[in-house]
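1. Compute the structure for the input listed below.
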Amino acid sequence: MIVRRWDDGRVVAELDVDRIAGASLPGQVLLYAGLPGADCRGANLRGADLCQADLRGALFAGACLIGADITLSNLAGADLVRASLGDARMQAINWRAEGPPRTRFDRADLTRATLKNSNLAACVFADAVMHRADLTHCDLRGADLGGADLSDANLGFSNLAGARLVGASLVGAVLNGCDLRGAQLASCDLSLATLNGVLLDGADLTASIWSKTAIARCPDLDRARGLDRLALGAPSAIDLHTLRDTIGGLGRELLENLGLSGEESAALRALLSARQRT
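-> Modelled structure (predicted):
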């Protein structure tokens, strides 16, 4: 089987197999490979080099891509359902895609995978394992991360506006600088998560779990939905900057969980009201 470059047609590799599906090709170099629509289901591509490849619409369901390098590749419309992608390097994927790439990662294992700087708009990560994944500076607008394990993941400075994270585990996750406006976070677990400089206008936090959660510089926290129906565990923390902007929309039970007694909340409300009048 001959694999050619997507840009100039030169031969990338001559494979000693009739097809990639189910083949064992660990460590195979497929740099710049043109494989749009290719059937790679169940293939062993552990540690393979697929950098800058054209993988649009390719089928990788159940494939082993542990430790593979897929940096700068185009995976628009590709199917990686149940694929093993632990420790894979997938930086800046899909930036050549026209429109939302809609890559499918349902139930895939992306443990410690690096996806930073990628275009993941409208991609599906439902029930995927993404423990300690690097998702910094990603476009995740409209993505489906429902039920995903994002424990200890870093989503710093990513755009998750309108994303679905219902039932996701964000235990210990870093969400600094994220845009979560309009995101669906109902029933997700935010225990030990850090939200610093996060935009939350219109985000649905109904029944989300807050336990030792840290909130800082979130100027529109009070415009999130479901704040009166949180699942509050161990005391969480909030900074004064956020309180100055949002205390008017925060309920007594939440403020107590954030470390403010009824008297302290009343005093702070009175102080801020007096300052606004002057």
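2. ok, residue 4 - how many residues close by?
-> Using other CB atoms under 10 Å, residue 4 has 15 neighbouring residues. C-beta: built from backbone N, CA, C; applies to glycine.
3. and it, bridged to which residues?
-> residue 11 (DSSP bridges).
4. Was I right to think it contacts residue 13?
-> No: look at residue 4 against residue 13 with CB atoms under 8 Å: they stay out of range, at 9.0 Å.
5. Find residues that contact each of these two.
-> Jointly contacting residue 4 and residue 13 under the rule CB atoms under 8 Å, 6 or more residues apart in numbering are residue 33.
6. for this structure, what are the low-confidence residue spans?
-> Within the chain, the segments meeting pLDDT under 70 span 275-278.
7. Show me the helices in it, by range?
-> 240-246, 252-257, 262-277 (DSSP state H).
8. Let me have those helices in a markdown table, extended by distance to residue 143 and mean neighbour count.
-> As requested, the helices of the chain are exported to a markdown table (distance: least, CB to CB, whole Å; neighbours: other CB atoms under 10 Å):
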| stretch | distance to residue 143 | mean neighbour count |
| --- | --- | --- |
| helix 240-246 | 26 | 17 |
| helix 252-257 | 28 | 16 |
| helix 262-277 | 36 | 11 |
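9. Strands of the protein, start to end?
-> 2-4, 11-14, 194-196, 209-210, 214-216, 231-232, 237-238 (DSSP state E).
10. okay, those strands in CSV with distance to residue 49 next?
-> CSV is the format used below for the strands of the chain (distance: least, CB to CB, whole Å):
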stretch, distance to residue 49
strand 2-4, 12
strand 11-14, 10
strand 194-196, 35
strand 209-210, 41
strand 214-216, 39
strand 231-232, 45
strand 237-238, 44
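11. between those strands, which one is nearest to residue 184?
-> Nearest to residue 184, of all the strands of the chain, is strand 209-210, at 15.0 Å by CB to CB.
12. any idea how far the closest one is from the chain center?
-> 18 Å (CA atoms, centre = their mean, to the nearest Å).
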